[in-house]
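>>> Give the three-dimensional model of this entry:
(one chain, ligands or ions: 1)
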Amino acid sequence: MLKKQKVIKIKDSRLREIRLNLRKVLMNTFYDQEATLQAIWLGAEGDEQLSLLRKLEDFQQHYQDSILVCSVCSKLDGDRVYIPRHKCWYCTDCLKKGVIPSLRKMR
Ligand SMILES: [Zn+2]
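Purely as a prediction, here's the structure:
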């Protein structure tokens, strides 16, 4: 993962639209995979079910920490900022509003 704070901004409206559409495709893929994992998990028992639950939770956490969605507001569109200490991405709107936990002193 990245070691420094990084902001990714796209100014061109056409490119912003393409980025949003790609995120929607990836989000739908995530939800399809999540549904498959949940079905397998529900059909399992005992230790296997517990192991699958951990995998499912890891999968969901990776999605939440990914660049696809803001880790605070879950917004799909917009520019992103990566905070290495948090190991996740936020939208630049949440950064501007100062709602990202533990960053209030840094602004
Ligand atoms: Zn946000």
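>>> Could you show which parts of this protein are in contact with the ion?
Within the chain, the positions adjacent to the ion are C70, V72, C73, K75, C91, C94 by CB under 5 Å from the ion. Quick note: C-beta positions are derived from backbone N, CA and C, even for glycine.
>>> Could you dump those into a markdown table and include neighbour count?
Conversion of the residues of the chain next to the ion to a markdown table gives the following (neighbours: other CB atoms under 10 Å):
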| residue | neighbour count |
| --- | --- |
| C70 | 24 |
| V72 | 16 |
| C73 | 14 |
| K75 | 13 |
| C91 | 22 |
| C94 | 19 |
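>>> could the residues you listed be laid out in JSON lines, adding pLDDT?
Compiled in JSON lines, those are given as follows (pLDDT from 0 to 100):
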{"residue": "C70", "pLDDT": "97"}
{"residue": "V72", "pLDDT": "95"}
{"residue": "C73", "pLDDT": "95"}
{"residue": "K75", "pLDDT": "95"}
{"residue": "C91", "pLDDT": "97"}
{"residue": "C94", "pLDDT": "96"}
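>>> Among these, which lie within helices?
Assignment to helices by DSSP state H places the following of the residues of the chain next to the ion there: C94.
>>> From the ion, how far out is the residue sitting furthest away from the middle of the chain?
Here the centre of the chain is the reference, and by CA atoms, centre = their mean the most remote residue is G46, at 29.9 Å. G46 sits 39 Å away from the ion when distances are taken as CB to the ion, to the nearest Å.
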